[in-house]
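Q: next comes the sequence, and after it the predicted model I'd like to discuss.
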Amino acid sequence: MAKKEKQPAAEQVEEVIEQPAEETAAEETPEVNEWEEKYNAEHDSYLRLAADYDNFRKRTIKEKEASYGNGKADAVEKLLPVYDNLERALNQPTEDEAYKKGVEMTMTQLVGIFAGLGVEIFGNVGDAFDPNMHNAVMHIEDENFGENIICQVFQKGFKLGDKVVRFAMVQVAN
């Protein structure tokens, strides 16, 4: 029976030891929780502000790059009639070699400027038809060409990066 009496006494001692610790923790917890809550709220506010600033910075960089690209595409689009007229002039027969040489030099210079700006000229006879880049204005049945192959180009297409500035007007074989 001695063993039974010691066990309840040990349990009582443990309860007595635990009670003051619980009361002490309970007394300090509201004060610590109050400061901890304030700290967590301020820290959360700071993290949100930093994330908002980072998102703003990234968004403005993207907008700046997009506006530069759009401005460049608009400038190229304004020069396309000049390219078309030079191409028509080159296709006309002439006996004046100096005139023809001058038009060729002007066309070469314009194509060089386009290349320097990153403009890609597309839409050649024999290329595969791509509805994302070509505008088929005519269809023809011709055994010399495969299916969906460009057989005549009416107007070249221009692309700046991934953006199509002007679709190529073509005739496609079916």
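A: Received the coordinates, thanks.
Q: shaky segments in this structure?
A: Residues of the chain that meet the criterion pLDDT under 70 lie in 1-31.
Q: which residues of it fall in strands?
A: 119-122, 134-140, 149-155, 157-160, 163-166, 168-173 (DSSP state E).
Q: compute the inter-axis angle for the last one and strand 134-140.
A: In other words, strand 168-173. On the basis of axes from the mean of the first three to the mean of the last three C-alpha atoms, to 10 degrees, strand 168-173 is oriented at 30 degrees to strand 134-140.
Q: and the third one, by the same measure?
A: An angle of 110 degrees separates the directions of strand 149-155 and strand 134-140 when computed by the same axes, to 10 degrees.
Q: buried sites along strand 149-155?
A: 149-151, 153, 155 (16 or more other C-beta atoms under 10 Å). Quick note: C-beta positions are derived from backbone N, CA and C, even for glycine.
Q: do the first one as well
A: By neighbour count, with 16+ other C-beta under 10 Å as the criterion, the buried positions of strand 119-122 are 119, 122.
Q: could you dump the strands of the chain into CSV and include distance to residue 88?
A: Output for the strands of the chain, formatted as CSV (distance: least, C-beta to C-beta, whole Å):
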stretch, distance to residue 88
strand 119-122, 16
strand 134-140, 17
strand 149-155, 11
strand 157-160, 16
strand 163-166, 16
strand 168-173, 14
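Q: select, out of the ones you listed, the one closest to residue 63.
A: strand 163-166 (15.6 Å; C-beta to C-beta).
Q: direction included, what does that closest one pair against?
A: strand 157-160 (antiparallel) (DSSP bridges).
Q: return the distance of stretch 105-121 from the chain's centre.
A: From the chain centre to the centre of stretch 105-121 is a distance of 25 Å (C-alpha atoms, centre = their mean, to the nearest Å).
Q: typo on my end, it should be stretch 99-114
A: Distance of stretch 99-114 from its chain centroid, counting by C-alpha atoms, centre = their mean, is 34 Å.
Q: that'll do, ta.
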